[in-house]
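Student: next come a sequence and a model predicted from it.
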There are 2 protein chains.
Amino acid sequence: MSRWEPNARGRLEQAALELYLEQGFDRTTVVEIAARAGLTERTFFRHFADKREVLFAGAGELRERLVGGVIDAPPSVPPMEAVAGALESLAQMFHARRDLVLPRHRVISANPELQERELIKMAGLAQALTDARRRRGVADPAARLSAEAAIAVFRVAFERWVSGPERADLASLVRSSLEELRGAVAAD
Amino acid sequence: MSRWEPNARGRLEQAALELYLEQGFDRTTVVEIAARAGLTERTFFRHFADKREVLFAGAGELRERLVGGVIDAPPSVPPMEAVAGALESLAQMFHARRDLVLPRHRVISANPELQERELIKMAGLAQALTDARRRRGVADPAARLSAEAAIAVFRVAFERWVSGPERADLASLVRSSLEELRGAVAAD
DNA sequence: CCCACCAGGGCAGTCACTGCCATCGGCGTA
DNA sequence: TACGCCGATGGCAGTGACTGCCCTGGTGGG
């Protein structure tokens, strides 16, 4: 039998989400989170850089999935189609974890500091997507711009998904948002 | 003669920018900033919500200019063209204040916390632009998406401007970035 | 001349975050 | 079996951002 309970990191993530939901982000102290996880404040900061980061542990996996979706697409698929496919792959991931994703989104949308962190994570996704598109042979300003546009599409679709009726499908919201963007951006 | 030197707020802004440039953002304390401005820490926090906000005092004016550019455009101008015009108006503003804009950008790009703040300010611009576009009769998901796209265009153009050769013109970089986006986003 | 009104100062307190050192089971190695 | 290193956690003191509360002293209107 080991000296400590396993999965300290996971316990911290769960405790934090619970407390942020119960009391709000800024009425929750790191000491409280650590205590609920059976740990100390010092240990919290060994696992997470700060009090916000504990809500963004899945960001790395998200990025891998997004980049993988673009890189692994067969070469016959046109670039923008590859991006659309990768976004839909993300959509499936979100749908599968809606029990985590939805409360987490409630917490974030209640707090500007958390929104800031969310935005920089999104920017990181856009950067990764830009690199992936470059490796698929897209030239530079276009790679960056379409990556940013893709992330915006996903964000808008996500918000429509969250605030809309229960039976909406995120993947098809992504599709239709992309079409909306194409229409809106075209020279009027 | 008044009890205090005038323009405390402006002095704080200048002192902060100088110190952030000299020592870096996180090696600078609020006490130092206030001291250089001939004030105290307590007064700093009466003018600015936090240590980052002091770099973003111009955000309100930026938003007004952007929104104004869209609202005031004659009705004959197609919506996306009005947005392009508003972005170019911002570009002129940036060019006129390049002596402030460029060092400020150096400070921000050296620090992730400041980048977070910058991103949420950009998101605020996108929100304001969305509202403005709605008032110009653009339907909802399209208004939001084209506003986000427009902000992305401006951001990319700005980075090209900053990192490119001295004689580049921001307004034309905005124009060409918008064209790039149109091409990249179109169904391939 | 008086007073309400600002803009700013002083001060103590909370909390996020860090550096440094201590602890002690597990596990490889002699 | 004994030794000793490693790795996850704890303890603790310190810094600095930010806040609430009260105080001060010119200024301008009545």
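Tutor: Here it is on my side, so go on.

Student: every contact and neighbour count from this point should use C-alpha atoms.
Tutor: Noted.

Student: roughly how far apart are the residue nearest the centre of chain A and B:G38?
Tutor: Closest to where the C-alpha atoms of chain A average out (CA atoms, centre = their mean) is A:A59, at 5.7 Å. Using CA to CA, to the nearest Å, A:A59 is found at 44 Å from B:G38.

Student: quick check, the residue in chain A closest to chain B?
Tutor: A:E116 (5.2 Å; CA to the nearest CA).

Student: can you report phi and psi for that residue?
Tutor: Note on A:E116: its backbone torsions stand at phi -60, psi -50 [degrees, to the nearest 10].

Student: separation between it and DNA strand C?
Tutor: With the distance defined as CA to the nearest atom of the strand, to the nearest Å, A:E116 ends up 13 Å from DNA strand C.

Student: would you agree that residue is in contact with B:M122?
Tutor: No: counting by CA atoms under 8 Å, A:E116 sits too far from B:M122 to count as a contact (10.7 Å).

Student: low-confidence stretches in chain A?
Tutor: A:1, A:188 (pLDDT under 70).

Student: circling back to that earlier point, what's the separation between the residue of chain A closest to chain B and A:A15?
Tutor: 22 Å.

Student: can you check A:L21 too?
Tutor: 10 Å.

Student: the more surrounded of the two?
Tutor: The neighbour comparison of A:L21 against A:A15 (other CA atoms under 10 Å in any protein chain shown) goes to A:A15, with 20 against 17.

Student: ok, and does the helix or strand where the more buried one lies reach over to DNA strand D?
Tutor: Element membership of A:A15, judged by DSSP states H and E, is helix A:8-23. Yes: against DNA strand D, helix A:8-23 shows contacts by CA under 7 Å from any atom of the strand at A:A8.

Student: give me the neighbour count for A:D99.
Tutor: For A:D99, using other CA under 10 Å, the count is 10.

Student: contact partners for it?
Tutor: By CA atoms under 8 Å, 6 or more residues apart in numbering or on different chains, no residues touch A:D99.

Student: repeat that for A:L119.
Tutor: So A:L119 contacts B:E116, B:L119, B:I120 (CA under 8 Å, 6+ apart).

Student: just the buried residues of the helix or strand hosting it, please?
Tutor: Per DSSP H and E, A:L119 falls inside helix A:112-135. Neighbour counts over helix A:112-135 (16 or more other CA atoms under 10 Å in any protein chain shown) mark A:113-123, A:125-134 as buried.

Student: got the angle for it vs helix B:112-135?
Tutor: 90 degrees (axes from the mean of the first three to the mean of the last three CA atoms, to 10 degrees).

Student: mind checking how far A:A187 is from B:V77?
Tutor: Distance from A:A187 to B:V77, by CA to CA: 12 Å.

Student: one more: A:L170?
Tutor: 35 Å.

Student: have a look at the two and say which one is more surrounded.
Tutor: Taking other CA under 10 Å, A:L170 and B:V77 do not tie; A:L170 has more neighbours (23 against 13).

Student: what parts of chain A come near DNA strand D?
Tutor: Checking chain A against DNA strand D by CA under 7 Å from any atom of the strand, the hits are A:W4, A:E5, A:P6, A:N7, A:A8, A:G38, A:L39, A:T40, A:E41, A:R42, A:T43, A:R46.

Student: among those, name the ones in helices.
Tutor: A:A8, A:E41, A:R42, A:T43, A:R46 (DSSP state H).
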